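K.L.:
sequence and predicted structure below; questions after.
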Amino acid sequence: MSLGANDFNRDTPNIILDAVIMWHFAENFELWAGQTKLPGNVERVVSSANLQLIDRSLLNSRFNIDRDLGIQLRHKAQLGNHFLMREKLALSQGEGRNVSEGNKGGLQYTGRLELLPFGEFQSKGDYVQADLKREATPKLMLGATYNFNQDAVRERSGLGDYMFNDEGTSLYETDVETIFVDAMFKYRGLSFMGEYAIRNAENPFATNSDGTFATDSNGDLTGGTVLTGNALNLQMGYLFKSNYEVAGRFTVVNYDAFTGSLSQEQYTLGGSKYLVGHKLKVQSDLSYTTVDGNEDNITFRLGFDIHF
């Protein structure tokens, strides 16, 4: 079987990321149609080529809503001389990217509001990590996203394993909501990003059509469980005039006890040298991670990035 292939994408490789058409049909309005990132947490929407550290945080890994197939309506409004407000609405399939065998559960509804009290960042810098433009005046984006996935069939809303019931013969469906609150700030080489995420589910345990839990002969749950809980991610960096940068990140992830997943804390310290901005850079970081306050590990990474 090819990479990422399953019964829901006709056993084809799960390699297409974005395929979207954008139509600027009226002043300050855009309509998007196709498969692309939903307007979720700011960290996920930032391109992997524009990261301040080698990889995204644990919050993003477990709680982001990623991509889906559908339509998005985007609008922005100027409120006064500098204050900018942006609204983003999405109606999508709900099963994530490259699902080509039709809608399995219900639809997914996403709404995001962004407030920029000091005006726009240079070169869309609110979705680029590190203050490479060295903003001459403070720039701030405050954002909030609400995502409701009706009759979701996967353990992380539109991501993760599919949930089954009735001895694996039917997909289990439950309503899942995910909320993000985040911020991006930049000023004279200093950058800050903060995020909070929370996920809830109406009935997180996969149950059979008769209401019993999907279990094996030993009584262990087999149908799947929605990964509910919350997470906080704080990240800050400073870019020197030599284009060397130091950055730090703190992330804590707490899962609901019934999920069986253990809480995690991670501290990361990183350094970068930007040769041609994000297009040519060398990065490294060191992370210390604890699991349930006991088990711990240290990870060192070194990366080189070139893209066009």
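P.N.:
Perfect, I can see it now. Numbers count the residues shown, from 1 in each chain.
K.L.:
drop to CA atoms for contacts and neighbour counts, all remaining ones
P.N.:
Will do.
K.L.:
number of residues surrounding residue 160?
P.N.:
15 (other C-alpha atoms under 10 Å).
K.L.:
and it, how far from residue 225?
P.N.:
Computed as C-alpha to C-alpha, to the nearest Å, the residue 160 to residue 225 distance reads 10 Å.
K.L.:
and if you look at residue 253?
P.N.:
Counting by C-alpha to C-alpha, the gap from residue 253 to residue 225 is 17 Å.
K.L.:
all strands for the stretch 201-308 of the chain, in order.
P.N.:
Counting by DSSP state E, counting those that start in this stretch, the stretch 201-308 of the chain has strands at residues 229-239, 244-255, 264-274, 280-291, 295-306.
K.L.:
shaky segments in the stretch 51-200 of the chain?
P.N.:
102, 167-168 (pLDDT under 70).
K.L.:
which residues in it form strands?
P.N.:
For the stretch 51-200 of the chain, the strands defined by DSSP E, counting those that start in this stretch occupy 67-79, 83-92, 108-116, 139-152, 154-156, 159-162, 164-165, 170-171, 174-187, 190-201.
K.L.:
of the strands of the stretch 201-308 of the chain, flag the one that's most buried.
P.N.:
strand 229-239 (a mean of 22; mean count of other C-alpha atoms under 10 Å).
K.L.:
what inclination does it have with respect to strand 174-187?
P.N.:
20 degrees (axes from the mean of the first three to the mean of the last three C-alpha atoms, to 10 degrees).
K.L.:
strand 229-239 packs against which elements?
P.N.:
Applying 3 or more C-alpha pairs under 8 Å, 6 or more residues apart in numbering; DSSP states H and E, one finds that strand 229-239 makes contact with helix 58-63, strand 190-201, strand 244-255.
K.L.:
for the first one, the distance to its chain's centre please.
P.N.:
Chain-centre distance of helix 58-63: 7 Å, with C-alpha atoms, centre = their mean, to the nearest Å.
K.L.:
check which residues of it are buried.
P.N.:
58, 59, 60, 62, 63 (16 or more other C-alpha atoms under 10 Å).
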